[in-house]
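1. Need a 3D model of the sequence below.
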Amino acid sequence: MSLPDLGTHQLTALKAIVEARRQVPREDSFWNRAFFGRRELPKLLGTSLTTLKQQGFIPEDFIEHEIPWSKIPYSIDNTIAFGFTFDHMLAMHFQPQHFAQLEWRHYRQLRIDANDMMKTCLSIHDLVALNFTPQQLHQLKWTWTQLTSVGATTENINMTSGDQQLYFQRSAQQAQKAIGAFKF
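-> Numbering: from 1, shown residues only. Have a look, this model is predicted:
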C-alpha cells in the first residue's frame, strides 16, 4: 500500500492559483485594466514576498522587469522560499561579490557548484575572499584545472600541498612541472 503524495497535489494547486491570479478577468474593460490593474513589480520592491506571491508574482517576473540582483531587498532565505533558483539569480546579473551574502547551507539549497560559480566570471581573489576550506571547495566540485583557470597558484590559494594532493589530486611531480614550465 502506497501513501498519497500530497506535496505534488499541493504544488499543482498553488501553481493553478498563482496562474489564475495572473489572468486578467475578461469582463474588465480596457479602462478598468489601465487604471485599476495590478501595480508594477518595480514599485512593489520591499513589499513582503508572501504578499507578492499572493498577488501572483513569481521569480520570472523579476527577470521580466529587469530587476538586478543588487536591488533585491530580501534575505537569501526569503528569496529561496519564494522560489528563486541560482539560474534566476544569474539572469538577474548575480556577480561574484554577491556570493558573500550566501551561507554554506545556501550553496547546498541552491545546488551551486564550481561550474555555476564560474558563470559569474569569478576570480581567484573573489574565491579566496569567501574563506572556503579545501574540503568545501572539493564539495563544490572545484578541480585544480578550474582553480588555475580563475587564477589560482600555489602562492595565492592558501592551501597546503597536502590538501592540494588530497582534494585536487595535484601531485608533487605536477607542481614541479609547473615550476619548471616558467617561460620568459
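2. I80 is in contact with Y107, isn't it?
-> No. Using Cβ atoms under 8 Å, I80 makes no contact with Y107, being 11.4 Å away. (Each C-beta comes from the backbone N, C-alpha and C, glycine too.)
3. Who has more neighbours out of the two?
-> Y107 (20 against 16; other Cβ atoms under 10 Å).
4. any idea how far D116 is from that one?
-> Per Cβ to Cβ, to the nearest Å, Y107 is found 9 Å from D116.
5. Now do the buried residues in the helix or strand hosting I63.
-> Element membership for I63, per DSSP states H and E: helix 59-64. Across helix 59-64, burial judged by 16 or more other Cβ atoms under 10 Å covers P59, D61, F62, I63.
6. which secondary structure elements does the helix or strand following it contact?
-> Using DSSP H and E, the helix or strand that directly follows helix 59-64 along the chain is helix 76-82. Helix 76-82 makes packing contacts with helix 49-54, helix 104-109 when contacts are defined by 3 or more Cβ pairs under 8 Å, 6 or more residues apart in numbering; DSSP states H and E.
7. Now the residue nearest the centre of the chain. Nearest residue, chain neighbours left out?
-> By Cα atoms, centre = their mean, the chain has its centre lying nearest to F86, at 2.7 Å. Computed as Cβ to Cβ, 6 or more residues apart in numbering, the closest residue to F86 that is not its neighbour in sequence is L110, at 4.5 Å.
8. Repeat that for L52.
-> Using Cβ to Cβ, 6+ apart, the closest residue to L52 is L44 (6.4 Å).
9. Please report the distance of the one you found from P73.
-> Applying Cβ to Cβ to L44 and P73 gives a distance of 11 Å.
10. phi, psi of the closest residue to P73 other than its chain neighbours?
-> Spatial nearest neighbour of P73, excluding adjacent residues (Cβ to Cβ, 6+ apart): G46 at 5.4 Å. Per-residue torsions, G46: phi 100, psi -20 (degrees, to the nearest 10).
11. Can you give me the neighbour number for G46?
-> Neighbours of G46 (other Cβ under 10 Å): 7.
12. What are the boundaries of the helices in this protein?
-> For the chain, the helices defined by DSSP state H occupy 6-22, 30-36, 41-44, 49-54, 59-64, 76-82, 86-91, 104-109, 114-118, 124-129, 134-139, 144-149, 161-168, 172-180.
13. Great, nothing more from me.
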